Every structure is written in structure tokens, then in C-alpha cells.
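Enquirer: From the sequence below, what's the structure:
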Amino acid sequence: MTRTRWWILTLLFFITTINYLDRIVLSVLIPVIRQDLHITTEHYSYVTGAFQMAYTIGFIFMGRLIDRYGTRLGYSVAIAFWSAAAMLHALVRSTVSLAFWRAMLGLGESGNFPAAVKAVTEWFPKKDRALATGLFNAGTNVASMVGPPIFVWMNANFGWRGSFAITGGLGFVWLILWVLLYRLPEMHPRVNQAELDYIHSDGPEAKTQSKMGWGAVLRYKQTFAFALAKFLTDPVWWFYLFWLPPYLYDVRKFNLEEIAWALPAIYLMADFGSVMGGWLSGHFIRIGWTNARARKVTMALSACLMPIAATAVLVPNAVVVVLLMSLATAGHQAWSANLYTTTTDVFPKRAVASVTGIGGCAGGLGGVIISSLVPGFVIAHFGYKPVFLMMGVLHLTALLFVHTMMGEMKPIEE
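Expert: A predicted model of the protein is given here:
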């Protein structure tokens, strides 16, 4: 059997890594950028909010575009758009222009997960999808792990503007590889019959209506369960992504070099959580558990880590803080690998990107409210503790919606 699906997954991993490199440059280099552009804490929250708002709106349209025109073309449009926007950050001269290009970046980057999840659905059977999702999603953590020291070096040699230009340009390199290498399994010249049989080992999809646009998928409670879970838990990741460097810098008094070692340690554990969360639910399926039981148990274990991790804000020791925050990123990514996969368990392939887009839109909306605007106000007036503690309970709340509304996660039939 050929192994072309793993090469496709490698492409998804590196594209996702670049996607996150483009977005975290700002949070890592914010100590330098805010001195240059005179950005306050509240202004920073508006800038991150601009990204989140555009990201939220973009999810809806990108998900539908990818389902309508296919993964290859839809993903190509998204990669080109966000890479150009990332490079143009180098030209900003004010908080307003920075917010504008953050919004354009968010609009383009919203296409990453609908396209990547749809590609996994096209190339992997159900028992492997959570692991595959966890592996490509690990790119987000690799970016967060290797990005900080690289950006510190880039800033020292090329300035913060050069850092944006270089990372944005990487996207166009991988765009060329994507266009050249991606095809559906049935059309790919490097896939033999044995691999094709394995990819389709779940059997034919349940018979559903020929078209499943927004109106059709919104008829199902499973769509709302996925969207509610994303609304509640995506903000936790966004909060750690956007506010952790300023927290370490302002409250824990880390300097830029100390942040450059702390963030890689935290996101290395996120990689571990992403891969292990995907592997664990796949292992449960292989030993005979139903998809629903495997996903829910794995998600429950992940959610229980979050309240423990939130106590980081209460402890004085800096090393313990880093360890507990590592637990938070690992727990969230294990959760996320399985939550994304629930859409592939329930919906046909032609609707996966649309459902993922709707959920991503809900997650983006939650990000704007819960991880951008609310923290900007609360941190400015009350400090970080209330926000960290709130982030600790959102996954357990989301688990209730997943459990009650998704039920047995059986494929939709008509």
C-alpha cells in the first residue's frame, strides 16, 4: 500500500505551521512594536479584536467556498490572501493600519482549518482522522514553539517589519507545493488501489441530499453543538496565544529572551497534547469503542486538565507557572483534535468545510468577546487573575453541549 496520504498530511502540517507563524509574530514582538507605534494595552486588545472579527466573518465564507470549489482551489485562495496580508504588516505606521492588516490576515487565515479538516476527511478513514487532525494541528504548536526564538533573532537582524515580510513570504513557497501536489485520492497518480481501499474502508457515505449548504446543515442540532463548543473553547486558545506573552512580560517580569524560552516549552506540550489526544480516541475506536464514546471520553479527560492549569495565575514560582500553562495548552489541543473530528463523524464529506466554517465563525465570535474585548477591559482594571480562572471552566461547560446534543454521533441520514 502506498503512503501518499501521509505526504498530504505533511503538507497540511507545514501550511498550518506557517499560518500560525504569521499570526503570532505580533504577540511575540509586541514589546518592541508597542514602543515603536505607541500601542497601549487597550489598543492592543482592539488590534487583536480586529483580527478575530475578520477571522469570524471569514470562516463562514471560506468554509462554503471550499465545499463548493474543492479543497485544492479553496485552500490556494486562502493561502495566497493571508500570505500577502502578512507581508504588508511591514508597511504599517499606526495602530489603525496595524488593525486593518490584522483584519485582512484574519480573513485569509480563516480558510486554514475548514480546508485542512476537509482534506483529512478526503484522505483518511474515521479511525485515523483524529490522529491526522492532531498531527496537522500540531503545526500550530510548532509555530508557537519555534517562532519566538526565531522572531527574536529576526528582530535583532532585520527589525520587526522584516520579520513580518519574511514569514509572510514563506506562505507563497508552500502555496506552490500545494498546487503542484494536492489531488483527491481517486485522481492522485501516486495512490494505488490498496491505499484507495484503505481510505474508503468506512464504506459508502449515508445517503443524504445532493446539496448541503448553510441552510441544510443548520437544520441539525449537531451543527449547533459543534458551534457552541467552539464558541466556548476557542477563546481559551486565543487568550493564551495573544495574552500569554504580555502576561509573562508585564506581570511575571520576563524579558524578551526569557519569553523566547518559556513559550517554546509551553507549546511543546501543546504538540504532545494534540498528537496524543488524536491517538487516544483512535486507540479507543480500534479496541471496539464507538466513535461517540471514544471522542467524548478523550474530550472529557482533556477538559478536566483546564481548571488545574488555570491555577497558574495564583502560584508565585515562575517555573510552576510555565508547567501549569503547558498543561493548559496540551489539554486544549487534545480537545481540539477530537472536536474537529466530530464533524467528520456526523456529516458527509461535501458538508464538512461548511460545518467547520460555521463552528469556526462561532469560535471566532467567542474569541472577539471572550479573549479580546473582555480581557482588554478586565486586565486593564482588575488584572489577569479573573480572566485566567474563567478560562479554566469553559471546556467543561462545552462538554455538556457536546454530550447532550451530539448523542451517538451517527452519520446523518435522510
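
Enquirer: for the helix or strand harbouring Val355, which positions count as buried?
Expert: Using DSSP states H and E, Val355 falls within helix 349-366. Judged by neighbour count (16 or more other Cβ atoms under 10 Å), helix 349-366 contains these buried residues: 350-366. From N, CA and C alone the C-beta is placed, and that goes for glycine too.

Enquirer: and what of stretch 401-414?
Expert: Neighbour count says stretch 401-414 has 401-402, 405-406, 409, 411-412 buried, by 16+ other Cβ under 10 Å.

Enquirer: These in helices, which ones?
Expert: Of the positions in the buried residues of stretch 401-414, 401-402, 405-406 sit in helices, assigned by DSSP state H.

Enquirer: Turn those residues into JSON lines, columns for distance to Gly49.
Expert: Formatted as JSON lines, these follow (distance: Cβ to Cβ, whole Å):
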{"residue": "Phe401", "distance to Gly49": "25"}
{"residue": "Val402", "distance to Gly49": "27"}
{"residue": "Met405", "distance to Gly49": "29"}
{"residue": "Met406", "distance to Gly49": "30"}
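
Enquirer: which of those lies closest to Ala156?
Expert: Distance to Ala156 across those (Cβ to Cβ) is lowest for Val402, with 45.0 Å.

Enquirer: Please list all residues in contact with the closest one.
Expert: 225-226, 229, 296, 299, 339, 342 (Cβ atoms under 8 Å, 6 or more residues apart in numbering).

Enquirer: name the helices or strands packed onto the helix or strand harbouring Val236?
Expert: Using DSSP H and E, Val236 falls within helix 221-250. Counting contacts by 3 or more Cβ pairs under 8 Å, 6 or more residues apart in numbering; DSSP states H and E, helix 221-250 is packed against helix 4-37, helix 41-69, helix 256-286, helix 318-346, helix 349-366, helix 374-382, helix 385-391, helix 394-406.

Enquirer: among those, which gets the worst mean confidence?
Expert: Lowest mean pLDDT of these: helix 374-382, a mean of 75.

Enquirer: got the angle for that helix vs helix 41-69?
Expert: 170 degrees (axes from the mean of the first three to the mean of the last three Cα atoms, to 10 degrees).

Enquirer: Roughly how far does the closest residue to Trp289 other than its chain neighbours sit from Leu105?
Expert: Closest residue in space to Trp289, ignoring its immediate chain neighbours: Val297 at 7.8 Å, by Cβ to Cβ, 6 or more residues apart in numbering. Relative to Leu105, Val297 is positioned 36 Å away (Cβ to Cβ, to the nearest Å).

Enquirer: And these two? Which one has more around it.
Expert: Legend: neighbour count by other Cβ atoms under 10 Å for Val297 and Leu105, higher for Leu105 (31 against 15).

Enquirer: for the more buried one, what are its contacts?
Expert: Per Cβ under 8 Å, 6+ apart, neighbours of Leu105: 22-23, 51, 54, 82, 85-86, 89.

Enquirer: Sweet, I'm off.
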